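K.L.:
need a structure here:
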Amino acid sequence: MRGSLAADSRREEIGRRMVVAAGLIPCAAGLAMLALSLWSATLGYHAGWLSLMGRHRFSAAQIAARDPGMWALWLLEFHLCGVNLAISGASIAVLAWQGLPHGPRWISAWIWVLLLWVGGNDAAALVRYRLAVGEGVPIALLPLTLGAAGLLLSGKQGYARR
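P.N.:
Predicted structure coming up:
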């Protein structure tokens, strides 16, 4: 009996760490999006736009010259996406680290919502991008899969009572 409790506890801890890692991946990606879009909009203004997908054939200068309104919208989109991705990932990581071991029942359900909503949308968008352009890797599947597996491994840990 004692070995079974230790094994369950170890499995729950591994699951929790997997969910934390699943949150840190999009957090880092969002921060990188912000940094790359800032660089491309300023220092790399005339070079090919640099994103998480690599260097593109168009530059910030080309977009701004073609349509200033499109340029403003482009920057808005990159900043909103980067910030939202970073905060969603950070929320998943913090909730998993602090809330899964002893938190209220709703924490694991909320982590599922964040994983499926944010991760599912990101994965779908990256797959659509890959199909349209032929470039890029649907990396959003990694945190989605890692987080779902971690929540399943953590089992009853997500439903602990205070």
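K.L.:
following element in sequence after the biggest helix by length in the chain, please.
P.N.:
Ranked by number of residues, the top helix in the chain under DSSP state H is helix 2-41. The helix or strand immediately downstream of helix 2-41 is strand 48-51, counting by DSSP states H and E.
K.L.:
sorry, back to before: which positions in the longest helix of the chain come out as buried?
P.N.:
With burial defined by 16 or more other CB atoms under 10 Å, the residues of helix 2-41 counted as buried are 12, 15-27, 29-31, 33-34, 36-37, 40-41. The way it works is simple: take the backbone N, C-alpha and C, and place the C-beta from them, glycine included.
K.L.:
ok, stretch 45-63 next?
P.N.:
49-50, 52-53, 59-60, 63.
K.L.:
what of stretch 89-109?
P.N.:
In stretch 89-109, counting by 16+ other CB under 10 Å, buried: 89-93, 95-96, 99-101, 103, 107-108.
K.L.:
any residues touching that stretch, and which ones?
P.N.:
12, 15-16, 19-30, 110-111, 114-115, 118, 143, 147, 150-151, 154, 157-162 (CB atoms under 8 Å, 6 or more residues apart in numbering).
K.L.:
now stretch 63-75
P.N.:
37, 41, 49, 60.
K.L.:
could you redo the last one with a cut-off of 7 Å?
P.N.:
Outside of stretch 63-75, the residues within contact range by CB atoms under 7 Å, 6 or more residues apart in numbering are 37, 41.
K.L.:
tell me how far that stretch lies from the chain's centre.
P.N.:
26 Å (CA atoms, centre = their mean, to the nearest Å).
K.L.:
and the closest residue to residue 31 other than its chain neighbours, what does it touch?
P.N.:
Computed as CB to CB, 6 or more residues apart in numbering, the closest residue to residue 31 that is not its neighbour in sequence is residue 86, at 5.1 Å. Residue 86 sits next to 27, 30-31 when contact means CB under 7 Å, 6+ apart.
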